[in-house]
Each structure stands twice: as structure tokens, then as C-alpha cells.
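Visitor: Below is the sequence, then the predicted model.
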2 protein chains.
Amino acid sequence: MSQSDTVERILDAAEILFAQKGFAETSLRAITSKARVNLAAVNYHFGSKEALIQAVFERYLTPFCLALDAKLQELEQAGGVDLEKLFGLASRLALGSHGDETRRAIIFFRLAGQAYSQPQDHLRAYLREHYGAVFRRFLALLHAAVPEVPSLELFLRVHFCLGAVIFTLSGMESLQTISKKDFNTDITAARITQQLLPFVVGGIRG
Amino acid sequence: MSQSDTVERILDAAEILFAQKGFAETSLRAITSKARVNLAAVNYHFGSKEALIQAVFERYLTPFCLALDAKLQELEQAGGVDLEKLFGLASRLALGSHGDETRRAIIFFRLAGQAYSQPQDHLRAYLREHYGAVFRRFLALLHAAVPEVPSLELFLRVHFCLGAVIFTLSGMESLQTISKKDFNTDITAARITQQLLPFVVGGIRG
DNA sequence: GTATCGGCCAAACGTATGTTTAAAACGCTT
DNA sequence: AAGCGTTTTAAACATACGTTTGGCCGATAC
């Protein structure tokens, strides 16, 4: 019986380190050291580094997608779909409500950025297989909200927005550094994400 | 006197491999093997792997930024600044005119995506130092084109757009694969970039 | 009390990496 | 053709990595 929380500690450490440094640059030794756990624990509990990467994504994504799917189903049955509502919902669900949730969400977005730029084919296939359905349901609702946009264009624009969001949240503190240097202004993370929403909505509408 | 083209061959191979697999996942052996060059050649000509990465960026970015800077200076003196013109110019300059240029541009955008997601601090500092001036000049012209947008917001929106562009061009063939699977449609790279321009212009305007 | 089993640990294994070395090959000048 | 600085080469080097091993601990079941 797993009495201890070794698995969780590994996942916590891996989530943070992967997001900070990328998958290849993060060694198992760095992870197990941060988690204060024996090196062999990763291979014992997860089997391999690849499996650990998948597990990190699964722990975050599964609850999120379940919640999103439920909300989307509600919207479907309610009938009325509104663009701002739809993205507001996704945004609130993805970024969380209180500070801690948001902090972790940003970590996860950076993780997503890593997964995107590095050709982790196993991961991409895994994500597509497990969470593709929710994405398609979201796309369908979006199509209902802006029927004037052809679905292929809509698909592209959603990816444009995804890029803006992931890119922005991944490089959050770079943005903050630059804005301090070039504009002498401290800009909060909340302010940035706040600006993001109208940009996304506008971009989808075209 | 360097009679041979060892250096260029290394840069060519490195550019492609780094873009495909990322910096850490690309070994010097893979690079020198693809370039049909001895392993030690990298350290001999560049000094280190880090220096090679910088050299790859410099070879591409320096001519591009010089050209862009010249064009921007023309625009400044001509006085009239138009949003579509400005981004059209940047787009034409960045993506090139004929097929080969465009292919290489896309490779470079993927490279930029890699650089962004991985905390290559040495690279980010280097880019900022060498090419920051052009970026600020571009931003100033942009501000003149849409004076109604506060400059800090403008700065953020430009980064949103940058994210959309880099993300999109980095994952180009992923997009093509998905669009074929989910929409049964072959979508050309030209079509995607074409859709990108109005999205960007709209996003900046807000 | 002892057998059993899942979890944990230190240590080692094999491999791949970036880098260095010292000698060989080359190209140019004289 | 001899000399010399530059480039190329094969080999080795040190290190870091993911993974595997075999024994040890502690709780549960009999």
C-alpha cells in the first residue's frame, strides 16, 4: 500500500522543472533531488522518463478536460452560445480563480509550450487521442457562436489564438522584464491575461 | 585562409537540425555527420555548441534586420505610416518572395520558437542586445500608425501576434496534418500565412 | 514469530554527450 | 621544394545521463 506521497512529490517537482527548463534539459536526477526522493523512484513508479512526462500532463489535463467538457455540455443543452461567454468560460476554467491556481495554470501553459516546440511525438499522439474530443466539442460550439466564419478558417484562427496564449503565458516574466526596462512599468500577470481575452475574441471574429 | 565551406556546411546542417529537434536534442555528432564534417570542426570553428547556436541565429538575423531597418528608415522619412503597409512589409521581408526563401523562413521561425520555449538565456540576451534597436524602431512606427492604442498595450499586442505567428509557423505541418484528418482538406502553407496577416492586423487594432 | 510483498535505497551499468588532444594533411608564400 | 600557419582528422577524455540491479526496510497476513 502506498503510504507515502512519493509519486505526488515526483510529479510536483517534474511539473515545475519541465516547465522551467524543458524536457531534455531536465534530468531525472534534478527531479528526484528536488522531490527529495531516490533516483530509482521514477523508473520504479512510472517506468521511464517518457511515461513520467505523460503522467505530468495527465494529472493536470484530465480533471481540467472533464470540467470543461461538463461545462460545454451544459452550454450545448442551454442552446445559446455567445463568443465572449465561451472564451470567458474557457479562460476562467483554464486560469483558475485564486492566485495559486493561476500560478499553476501558467506553469502548465509553459509546459504546453515546451510540448509544442519540441517534437515529443509520443506526447502529441497521446494528447490528441485522450483530449481531442473535448477540443472538437469546443470547436463545434465556437462554430455555432460565429457561424459566419467558415469552419476551416475558424480552426486556423483558434490555433492562432492558442499560439498567442501559450506564447504569452510561457514568456510571462520575460514580458514583465522587458516592459520594466523599456517602459519603466510594472505590469502584472493579471493585466496581461486580461488584455489577452479581448485580443482573442477580436481575432476569432476577424 | 578558409578555402573550404566547412563553416557554411555546419551552419546549414545545424539550422535544419536545431529547428527540427531543438537545441539540446541535437548532438554535435548529428550535425557534423549531416554536414559531412569532422566532429571536432564545430569546436574548432565556433568554440562551443552555444557559440554555434548564436552563429546560426546571427547568419540569418543580421541580413534580415539590416534590410528591415533600411525599409523602416525609408518609411520614417516618407512620413506616411499605414498599418497594413507596415505589416505587409514585415511579412514580405520575413517570409521572402520565392519558395526557397519561404521554406528557409519557416525553418527559422521554428528555430525562434525553440529559442523562445527553452530558456537559452545566453541567446535571449544576445538577441536583445543585437537586434533590440530594430524592434524598437518597428514599435515606434507602429505607434505612429495606430496612435489610438496606448504604447504599453501596443507592446503587449505585438507580442501576442508574435506568439501567434511563431507558434503557427513552428507547427505548420502539424496544422496541415490535423486539417487533413479532421477536415479532409489539404491546406497549403501559403494559405495559412495568408490568413495570418489579417488576423494580426485585426488583433493590433483591437 | 515468521513469511510475504510492495516500496525504498545505494551502487553500478552502459551509453551518449561536449570537448580536448596531438598528429596528419593541406595551401600558400618564398 | 622547403617552411609555416591553418585546417582536418582519429582518438581519447571526462562527465552526465536513463536505466537496472540486488539487497534492505517495514507493514500486513497467517
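Guide: In hand now; what should we look at?
Visitor: what secondary structure does the nearest residue to A:Glu84 once chain neighbours are set aside sit in?
Guide: Among residues not flanking A:Glu84 along the chain, A:Val201 sits closest, at 6.0 Å (Cβ to Cβ, 6 or more residues apart in numbering or on different chains). The C-beta positions use only the backbone N, C-alpha and C, and glycine is treated the same way. In three-state terms, and counting by DSSP: H, G, I helix; E, B strand; the rest coil, A:Val201 is helix.
Visitor: Might one say that A:Val201 is in contact with A:Lys85?
Guide: No - judged on Cβ atoms under 8 Å, A:Val201 makes no contact with A:Lys85 at a distance of 10.4 Å.
Visitor: quick one: contacts for A:Gln54?
Guide: Contact analysis of A:Gln54 by Cβ atoms under 8 Å, 6 or more residues apart in numbering or on different chains lists A:122-123, A:126.
Visitor: List buried members of those residues by neighbour count.
Guide: With neighbours counted by 16 or more other Cβ atoms under 10 Å in any protein chain shown, these contain buried members at A:123, A:126.
Visitor: Excluding covalently adjacent residues, which one is nearest to A:Thr197?
Guide: To be clear, residue A:197 is Leu; Thr isn't right here. Excluding the flanking residues, the one nearest A:Leu197 by Cβ to Cβ, 6+ apart is A:Ser91, at 5.8 Å.
Visitor: who touches that neighbour in this structure?
Guide: Counting by Cβ under 8 Å, 6+ apart, A:Ser91 has contacts A:193, A:196-197.
Visitor: Quick check: which element contains it?
Guide: helix A:83-95 (DSSP states H and E).
Visitor: Moving C-terminal from that helix, which element do we reach first?
Guide: Immediately after helix A:83-95, counting by DSSP H and E, sits helix A:99-117.
Visitor: which SS state does A:Gly132 fall under?
Guide: Classified using three-state DSSP, A:Gly132 is helix.
Visitor: got the residues of chain A near DNA strand D?
Guide: Neighbours of DNA strand D within chain A, by Cβ under 7 Å from any atom of the strand: A:1, A:3, A:26-30, A:39-40, A:42-44, A:48-50.
Visitor: out of those, which are buried?
Guide: Restricting these to buried positions leaves A:26, A:28, A:42, A:49, with burial counted as 16+ other Cβ under 10 Å.
Visitor: got the phi/psi numbers for the second one?
Guide: Right, the one you point to is A:Leu28. Backbone torsions of A:Leu28, given as degrees, to the nearest 10, read phi -60, psi -30.
Visitor: Find the nearest non-adjacent residue to A:Thr26, please.
Guide: The nearest residue in space to A:Thr26 (Cβ to Cβ, 6+ apart) is A:Leu17, at 4.5 Å.
Visitor: And the one you found, how far from chain B?
Guide: Distance, A:Leu17 to chain B, by Cβ to the nearest Cβ, to the nearest Å: 11 Å.
Visitor: Tell me how many other residues surround that residue.
Guide: 20 (other Cβ atoms under 10 Å in any protein chain shown).
Visitor: Report the secondary structure state of it.
Guide: Criterion first, three-state DSSP; result for A:Leu17: helix.
Visitor: Return the set of buried residues in the lengthiest helix in chain A.
Guide: Counting residues, the longest helix in chain A under DSSP state H turns out to be helix A:49-78. Neighbour counts using 16+ other Cβ under 10 Å place A:49, A:52-57, A:60-61, A:64-65, A:68, A:72, A:75 of helix A:49-78 among the buried residues.
Visitor: Same list, those, but as CSV with pLDDT and distance to DNA strand C please.
Guide: Formatted as CSV, the buried residues of helix A:49-78 follow (pLDDT from 0 to 100; distance: Cβ to the nearest atom of the strand, whole Å):
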residue, pLDDT, distance to DNA strand C
A:Lys49, 97, 12
A:Leu52, 97, 14
A:Ile53, 96, 19
A:Gln54, 95, 19
A:Ala55, 97, 14
A:Val56, 97, 17
A:Phe57, 95, 21
A:Tyr60, 96, 22
A:Leu61, 95, 24
A:Phe64, 95, 26
A:Cys65, 95, 27
A:Leu68, 95, 31
A:Leu72, 94, 36
A:Leu75, 91, 40
